[in-house]
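# Provide a 3D model corresponding to the input given below.
(one chain, ligands or ions: 1)
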Amino acid sequence: MIQAVDHVRTMAPYALANLGGATVTSLAQNESAFAPSPTALAAGEAALRDAPLYPDPDWGDLCAAIAEAHELPAGDILCGAGSMELIGCLIRAFTAQGDEVLGTAHGYLFARTAAQQAGACFVSVPEPDYTVSVRLLLEAVTTATKIVFVCNPGNPTGTRLPGAELIRLRKNLRSDILLVVDQAYAEFDPQDPASVFDLVGNGDTAVLRTFSKAYGLAGCRVGWGLFPPGVALEMRKLMNPNNISGVAQAMAAAAVRDQAHMLDVVAHTAALRERAAGRLRAIGLDVPQSHTNFILIPFENDATAAQADQALRSAGLLLRGMAGYGLPQCLRATVGRADAMERMCDVLERFMEGVV
Ligand SMILES: *Cc1c(COP(=O)(O)O)cnc(C)c1O
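Modelled structure (predicted):
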């Protein structure tokens, strides 16, 4: 019998949301409720004609568009087939058996999967009040720590640390530890003046972004990041050449050039989010302030969360259960269209009346 290597055989597959197959409205995967920019759709259609050709392996036009929008050096940007590809390559390039990847208790689970793929150990640090604690992260660092992975704003918590706290974290880490800041939701949280992009220049920090959330291009699989040159060099050895289709590159480049559309989506999403969060708080659910396109809904206990999930499913609404994230008493609701959000709140209002 043919056997996979030990560290692959013993790991669990990464679990996506269980979409159930029925005709349901999914509020489970933090996809955008809104269409991408019309210019992105047009660019994608035009790029279809180049289908016989391999795409630009260096994502030249896309990097130029990102660099211009964020005032960053285009040469320090790498693009991945989703930021998941970048997370995987980063962790595989810099960790192996015996190394530790330090993450947070309710942080993005794919970092754990990537650590396991590398044969490394994922160590998770508690998040009091659903928020990352720089103090607890620093206390958990050991001689084996190679990467500290922080998602900011957090998924599934929706909370965030001020940029100044991340700068403090970086200052107090050894220089041979790579700090990775996953900012998949940063577009929804534009207030913070302290930019973590500035940390990348020191050679020990990487920042990840994605087109899957605020830009509404989850189906295109495009993520990007800003990396120190020495880090990018090693990652590229592990990345598939020609990893992003020409259509996806063209759509992402046009999307990032239409900041007005993205900002409009973010504003509409925030309005829908706050309306739903307000309704849920009014019926006694202690929803933490979200800086993302989803809300975390804590119930009294695991059983109540499971019953609420069932009530929502019966009404054709699919949220994401959070047991895998160490939060079995919570459900996570992606901000969907207005009618789906109202239906969700209606179901939970009736549910809570029955519970109390
Ligand atoms: C959605 C998400 C990603 C994955 O993004 P892709 O670019 O679609 O691979 C990465 N990190 C976090 C925290 C996310 O929520």
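
# what does the chain have sitting close to the ligand?
Contact residues, the chain versus the ligand (C-beta under 6 Å from any ligand atom): 30, 82-84, 108, 151, 155, 182, 184, 210, 212, 218, 223. For every residue, glycine as well, the C-beta is placed using N, CA and C.

# What about those residues, which are in helices?
83-84 (DSSP state H).

# Which pair of the residues of the chain next to the ligand spans the longest distance?
Distances among these were taken as C-beta to C-beta; the most separated pair is 151 and 218, at 16.8 Å.

# ok, those two, which is more surrounded?
Each of residue 151 and residue 218 has its neighbours counted (other C-beta atoms under 10 Å); residue 151 has more, 24 against 17.

# beta partners for the more buried one?
residue 182 (DSSP bridges).

# Roughly how far does it sit from residue 188?
Using C-beta to C-beta, to the nearest Å, residue 151 is found at 13 Å from residue 188.

# Same question for residue 196.
16 Å.

# mind checking how far stretch 116-132 is from the chain centre?
15 Å (C-alpha atoms, centre = their mean, to the nearest Å).

# for the stretch 201-350 of the chain, which spans come out with low pLDDT?
Along the stretch 201-350 of the chain, no part satisfies pLDDT under 70.

# could you check the distance from the closest residue to the ligand within the chain over to residue 210?
Scanning the chain for proximity to the ligand using C-beta to the nearest ligand atom identifies residue 82 as nearest, at 2.6 Å. Distance, residue 82 to residue 210, by C-beta to C-beta: 7 Å.

# Over to residue 63?
Residue 63 is 15 Å from residue 210, by C-beta to C-beta.

# and if you look at residue 309?
Applying C-beta to C-beta to residue 309 and residue 210 gives a distance of 27 Å.

# neighbour-wise, which of these two wins?
The residue with more neighbours, out of residue 309 and residue 210, is residue 210; 26 against 18, by other C-beta under 10 Å.

# For that one, list each beta-bridge partner.
Applying DSSP bridges, one finds that residue 210 bridges with residue 223.

# Strands along the stretch 151-300 of the chain, start to end?
178-182, 205-210, 223-226, 294-298 (DSSP state E, counting those that start in this stretch).

# partners of the last one, with directions?
Within its sheet, and counting by DSSP bridges, strand 294-298 is paired with strand 330-334 (antiparallel).

# How about residue 259, nearest residue that isn't a chain neighbour?
residue 69 (6.2 Å; C-beta to C-beta, 6 or more residues apart in numbering).

# Quick check: what element follows the one helix or strand the one you found maps to along the chain?
Assigned by DSSP states H and E, residue 69 belongs to helix 60-70. Counting by DSSP H and E, the next helix or strand C-terminal to helix 60-70 is strand 77-80.
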